[in-house]
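> model the structure of this input:
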Amino acid sequence: MTSPYLGEIQVFGFNFTPAGWASCNGATLQIRQFSALFSLIGTQYGGDGVNTFQLPNFTGRAPCSQGQGPGLTQRVMGETFGSNTVQLNLTQIPNHTHQLTLSRQTNATLQRNVPQNGDGLTSITGTNAFVPAATPNTTLSPLTIGSAGGGQAHENRQPLLAVNFCIALQGEFPAFD
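Numbers count the residues shown, from 1 in each chain. Model prediction:
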């Protein structure tokens, strides 16, 4: 590998940080110890700019280019955006039904007026459709006909591959044009 530029970010397919590199995990560094790197990235990723600055943080994040692409919003270096989880509301869930399976017992000796354990309506998932200790002409269990989801957030990240983002702490200082 050729000598990297100071502050260059590379993706490595192994689980350690090579010598002369630091993990892009948002670590806080001392300006006096890494003054050349600070002169390149400043406080773009955090720090007080007097004693400390921070490295970029790719932990649980995906990279995104700066600027504004066609039909996209403006992105600034160091900006974080998005969410790992999202809670859906009713307008975001497509129309759907929850099917039930009915069994008809034609043998009169096996028919019952009171639902017993394992009798009657079952959902596709096998959940008992009757409320506990049900009597004839009772209402269905809220688990059968009620709202679904419980308001919990769902996973929102795109498919991913775990790799190791590292920033060069040593290397050639890049020339400015």
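
> pLDDT value on T135, please?
Here the pLDDT value assigned to T135 is 58.

> likewise for T17?
Here the pLDDT value assigned to T17 is 96.

> for it, what are its contacts?
Neighbouring residues of T17 by Cβ atoms under 8 Å, 6 or more residues apart in numbering: S23, N164, C166. In short, each C-beta sits where N, CA and C put it, glycine included.

> now do 10 Å
S23, C24, N25, N164, F165, C166, I167, L169 (Cβ atoms under 10 Å, 6 or more residues apart in numbering).

> likewise for G26?
Contacts of G26 (Cβ under 10 Å, 6+ apart): Y45, G46, Q54, L55, P56, N57, F58, T59, R61, T80.

> any idea how far the closest residue to the fourth one other than its chain neighbours lies from I93?
By that I understand L55. Nearest residue to L55 in three dimensions, chain neighbours excluded: A27, at 5.1 Å (Cβ to Cβ, 6 or more residues apart in numbering). For A27, the distance to I93 equals 40 Å [Cβ to Cβ, to the nearest Å].

> between these two, which one's more packed in?
A27 (15 against 10; other Cβ atoms under 10 Å).

> domains of this structure?
For the chain, automatic domain parsing gives the domain ranges 1-62+160-177, 98-147.

> what would the contacts of G26 look like in JSON lines with distance to T2?
Listed next are those as JSON lines, based on distance: Cβ to Cβ, whole Å:
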{"residue": "Y45", "distance to T2": "25"}
{"residue": "G46", "distance to T2": "30"}
{"residue": "Q54", "distance to T2": "27"}
{"residue": "L55", "distance to T2": "22"}
{"residue": "P56", "distance to T2": "22"}
{"residue": "N57", "distance to T2": "27"}
{"residue": "F58", "distance to T2": "23"}
{"residue": "T59", "distance to T2": "27"}
{"residue": "R61", "distance to T2": "27"}
{"residue": "T80", "distance to T2": "31"}
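
> who wins on neighbours among those?
L55 (25 neighbours).

> W21: how many residues sit nearby?
Neighbours of W21 (other Cβ under 10 Å): 21.

> circling back: just the contacts of T17: which are in strands?
Secondary structure defined by DSSP state E assigns S23, N164, F165, C166, I167 of those to strands.

> make TSV out of those residues and add distance to G13.
As requested, these are arranged in TSV below (distance: Cβ to Cβ, whole Å):
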residue	distance to G13
S23	14
N164	7
F165	11
C166	11
I167	16
